[in-house]
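S.K.: Quick one: sequence and predicted model below, then my questions.
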Amino acid sequence: TIDRMLGRRFAAMAMATTAEKGFIGPVARNIAAKVSQAFACDVLEVENQSHHHAGHTGNPTGAADAETHFKLKIVSSAFEGKKLIERHRMVNELLKEELDTSVHALTMDLKPTPKH
């Protein structure tokens, strides 16, 4: 289950995200699972923004359970020493299948883990 794959921290955040940041369905959960496994994230937030794009390409009906537009926030040591364009390419490559099929738009906030 998502709880076991991503740990309780993400499961709790996903529940909050459902109430506060849009519908979290199978596409969002798949994105979260792939990103979590690939990047050992310190912060992982998946926000479904599809409801903001009702009537636009990708969500023409404005369905409440649409999963077409997402905002992704990742903080990970995997991004250390990487330029912003390199970070975006890493995520785009990982999520190629989703971007080629169900995801119409993906906004990304990608940062390396801060050094203390």
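M.R.: Cool, the structure landed. Numbers count the residues shown, from 1 in each chain.

S.K.: Okay, Ala105 and Ser77: tell me how far apart.
M.R.: Ala105 is 27 Å from Ser77, where distance means Cβ to Cβ, to the nearest Å. C-beta: built from backbone N, CA, C; applies to glycine.

S.K.: Other residues contacting stretch 91-98?
M.R.: Outside stretch 91-98, the residues that touch it by Cβ atoms under 8 Å, 6 or more residues apart in numbering are 27, 30-31, 34-35, 38, 72, 74, 99, 103, 106, 108, 110.

S.K.: one more time with 10 Å
M.R.: 27-28, 30-31, 34-35, 37-39, 67, 70, 72, 74, 79, 99, 103, 106, 108, 110 (Cβ atoms under 10 Å, 6 or more residues apart in numbering).

S.K.: what about Val75, which SS state?
M.R.: For Val75, the assignment made with DSSP: H, G, I helix; E, B strand; the rest coil gives strand.

S.K.: Filter the contacts of stretch 91-98 down to the buried ones.
M.R.: Among the contacts of stretch 91-98, those buried by neighbour count (16 or more other Cβ atoms under 10 Å) are 27-28, 30-31, 35, 38-39, 67, 70, 72, 74, 79, 103, 106, 110.
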